[in-house]
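Visitor: take this sequence and fold it.
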Amino acid sequence: MKKILAFMLCTAMALSLTGCAGESDGEAEALVFTGEIAAESVVVDVATDNNGYYEFWADATAYFNDDGVLEWLNLENTTLLAFQVSDDYEGGVYIYSAAEMDEILTALTEALESGETDSLQSVIDSLSTGGPIEGAST
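Guide: The predicted structure is shown next:
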């Protein structure tokens, strides 16, 4: 009984596939996006010159012109998932918060104005331990 049921099922599937086969004139229509398309929570990969790479999780809005060419892309609510610093930045990059950079600049300005070199050591220590960052593991 199982063999008969399996044979009937295979025959029905073969007939349905045969019925779908039609003659093609060799032309295919291309799907061309136009206008604005928006999506929430998408992964966006950005490649830069010289081996740089950034991967974001974001809400994206894209606008395509009448020819289907992407004109602009807007990313909102971005979260950086992974990155690789471009080879343009040999040895990586250092990343400081605005508050940390303000502290470093203030210490440098005070040392310059006062002529004291002792306060420069704290700035040198801060810069020595702040990086470099070349990539991020996920």
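Visitor: so which residues of the protein form strands?
Guide: Listed in chain order, the strands of the chain (DSSP state E) span 35-48, 52-64, 70-84.
Visitor: check those for me and report the most buried one.
Guide: strand 52-64 (a mean of 16; mean count of other CB atoms under 10 Å). Every C-beta, even on glycine, is put in place using the N, C-alpha and C of the backbone.
Visitor: re the thing from before, need the strands of the chain in JSON lines with mean pLDDT and distance to Glu90, can you?
Guide: Output for the strands of the chain, formatted as JSON lines (pLDDT from 0 to 100; distance: least, CB to CB, whole Å):
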{"stretch": "strand 35-48", "mean pLDDT": "91", "distance to Glu90": "15"}
{"stretch": "strand 52-64", "mean pLDDT": "91", "distance to Glu90": "13"}
{"stretch": "strand 70-84", "mean pLDDT": "90", "distance to Glu90": "14"}
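Visitor: could you export the ones you listed as TSV, including distance to Gly26?
Guide: Shown next, in TSV, are the strands of the chain (distance: least, CB to CB, whole Å):
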stretch	distance to Gly26
strand 35-48	30
strand 52-64	27
strand 70-84	29
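Visitor: for Leu120, find the nearest of those strands.
Guide: Leu120 lies closest to strand 70-84 among the strands of the chain, at 31.7 Å (CB to CB).
Visitor: relative orientation of that closest one and strand 35-48 in degrees?
Guide: Going by axes from the mean of the first three to the mean of the last three CA atoms, to 10 degrees, strand 70-84 is angled at 40 degrees with respect to strand 35-48.
Visitor: elements contacting strand 70-84?
Guide: With contacts taken as 3 or more CB pairs under 8 Å, 6 or more residues apart in numbering; DSSP states H and E, strand 70-84 sits against strand 35-48, strand 52-64.
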